[in-house]
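In: 3D, please:
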Amino acid sequence: MNVGDRVRLLTGREQGVITRLLDNDLVEVAIDNDFTIPVLRREIVVVAAEEQKAFGNTAPPPVAPRSTTPMGGSSKADKSAVAAKGGTAKPAAPGQAAPAPAPVLPKAEKGLYLALTHQTPELLTMHVVNNTESDLLFTYGEETQDQYRGLVSDKLTAKSVSRPLAHLHLKDFDQWPGVVVQLLPHLVNGRTAFELLTKRVQFRAATFYKSRQQAPLLQQEAYLFQLDEKPAAPIAPAQLAEQLQQHLSGNAPAPVPAPAPEPAKAIVAPSHEVDLHLEALNPEAAELNPPLTNTAILKLQLDAFEDALSRALATNMHEIVFIHGSGNGTLRKELHKLLSRNKDIKFFEDAQKEKFGFGATLVRLK
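Out: Down below sits the predicted model:
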């Protein structure tokens, strides 16, 4: 049994997905991708692929992740996406609101990536993506409380995706382990040897939700982290021969211990009231001469809004107030667009009109 296998409980009719191997006799299973329970290996059986094809999959279909990408009205990118599909945007029926345009996310370039895709709105599946022309040997492990645990070692051919390496719940975001991936690209009959790449990934709310891109090869949106910002350095033939001779003779230098990973920083909940006025966010920027353009100010305000909202969600806050002011209503309109597309929002409304007028929005979180 491996992480990602679909299994059925022998003591009932429930099915689920193996999300973690706890020890030799115990695994963690996500029942219908909703809640996880520890189960003994002898109490479950793997559901064969032929059975799923014949009788269907009882698990709920994957759901698109929540959108945190700022969007205004119909953009050129939206229109080009519709044109590329050979269709035209259908106007809304009288009395109905126009449908929200689908977000147009950037496409990832060639490289090696760690990709987290939504299996359900709360359950994420992790893969290594080899979007290069070379084969790849890799290992995957996790670090918790300064302890490392190796979990997977495998080989990927060029332009391929690994099997599921782990399943993570968004509700446990602040308890996610650090990820350690070691990468060694190679090419059969190639003329260049490469050094081993080691990449550590610590997930933080401030940057996690901004990492959404169109994942290569997976053909879907994912939270994407590039593993080879620095490509593996080639090893000169003379240096490679010297290293091999040292290892064969037993005179190889002792390996240098990897530096201890930085302790994961706890996610700090934002203030209950977040003031998005420029002078509150950055007093120095408010006094610049010449002053910032309206576009630059709006971007600064939207970045602060997304950071506060993601931290509020990660720390399970029930509500938060964003003070945006009245003005010409541009910032309020942009915030409401983003909030209306976020599935983790119960509702939002103008906050305490007697205190803020129409210059603040109260957001209730699920």
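
In: Going by C-alpha atoms from here, please, whenever you check contacts or count neighbours.
Out: Will do.

In: among the helices and strands of the chain, which has the poorest mean pLDDT?
Out: Least confident helix or strand, the chain: helix 76-84 with a mean of 42, by mean pLDDT, DSSP states H and E.

In: List the neighbouring strands of the next helix or strand after it plus their orientation.
Out: Sequence-wise, the next helix or strand downstream of helix 76-84 (DSSP states H and E) is strand 111-118. Strand 111-118 has the following strand partners under DSSP bridges: strand 123-131 (antiparallel), strand 220-226 (antiparallel).

In: got the CA positions of strand 111-118 in CSV?
Out: Only the C-alpha atoms of strand 111-118 are listed here, as CSV (Å, rounded to 0.1, in the frame of the first residue of the first chain):
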residue,chain,number,x,y,z
GLY,A,111,11.9,23.3,-14.6
LEU,A,112,11.3,21.1,-11.5
TYR,A,113,8.4,21.9,-9.3
LEU,A,114,6.6,20.9,-6.1
ALA,A,115,2.9,21.1,-6.9
LEU,A,116,-0.1,21.0,-4.5
THR,A,117,-3.5,20.4,-6.2
HIS,A,118,-6.9,20.4,-4.7
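
In: Can you list the neighbours in contact with it?
Out: 62-65, 124-132, 215, 220-228 (CA atoms under 8 Å, 6 or more residues apart in numbering).

In: Restrict these to the buried ones and give me that as a PyMOL selection.
Out: Those of the contacts of strand 111-118 that count as buried under 16 or more other CA atoms under 10 Å are selected in PyMOL with:
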select buried, resi 65+124+125+126+127+128+129+130+131+132+215+221+222+223+224+225+226+227
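
In: where's the residue nearest to residue 43 when sequence neighbours are not counted relative to residue 3, distance?
Out: Once flanking residues are discounted, residue 43 sits nearest to residue 10: 5.4 Å by CA to CA, 6 or more residues apart in numbering. Residue 10 is 19 Å from residue 3, where distance means CA to CA, to the nearest Å.

In: And residue 42, by the same measure?
Out: 16 Å.

In: okay, the two: which has more neighbours?
Out: Per other CA atoms under 10 Å, whichever of residue 42 and residue 3 has more neighbours is residue 3, with 21 against 10.

In: The residue located most distally from the centre of the chain: what's it in contact with?
Out: In terms of distance from the mean C-alpha position of the chain, residue 249 ranks first, at 45.4 Å (CA atoms, centre = their mean). When contacts are counted by CA under 8 Å, 6+ apart, residue 249 touches no other residue.

In: can you pull the pLDDT of it?
Out: pLDDT, residue 249: 70.

In: Same question for the one 4 residues further on.
Out: If you check residue 253, the pLDDT there is 64.

In: likewise residue 279?
Out: 86.

In: Same check on the one 3 residues further on?
Out: The confidence metric pLDDT takes the value 84 at residue 282.

In: So, low pLDDT: which residues of the protein?
Out: Scanning the chain for pLDDT under 70 picks out 32-35, 48-108, 231-233, 236-237, 240-241, 243-244, 247-248, 250-265, 353-358.

In: Do you have the helices of it handy? List them.
Out: 49-55, 76-84, 205-208, 237-249, 278-281, 283-286, 294-314, 330-340, 353-356 (DSSP state H).

In: Could I get the buried residue list for the longest one?
Out: Applying a neighbour-count criterion of 16+ other CA under 10 Å, one finds 297-298, 300-302, 304-314 buried in helix 294-314.

In: same thing with the fifth one?
Out: Along helix 278-281, the positions that meet the burial threshold by neighbour count (16+ other CA under 10 Å) are residue 278.

In: how close does residue 116 sit to residue 226?
Out: 12 Å.

In: in this protein, which residue is closest to the centre?
Out: Note: the chain centre (CA atoms, centre = their mean) maps to residue 223, 2.7 Å.

In: rewinding a little: could the strands paired with strand 111-118 go into TSV alongside distance to residue 271?
Out: Shown next, in TSV, are the strands paired with strand 111-118 (distance: least, CA to CA, whole Å):
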stretch	distance to residue 271
strand 123-131	28
strand 220-226	26
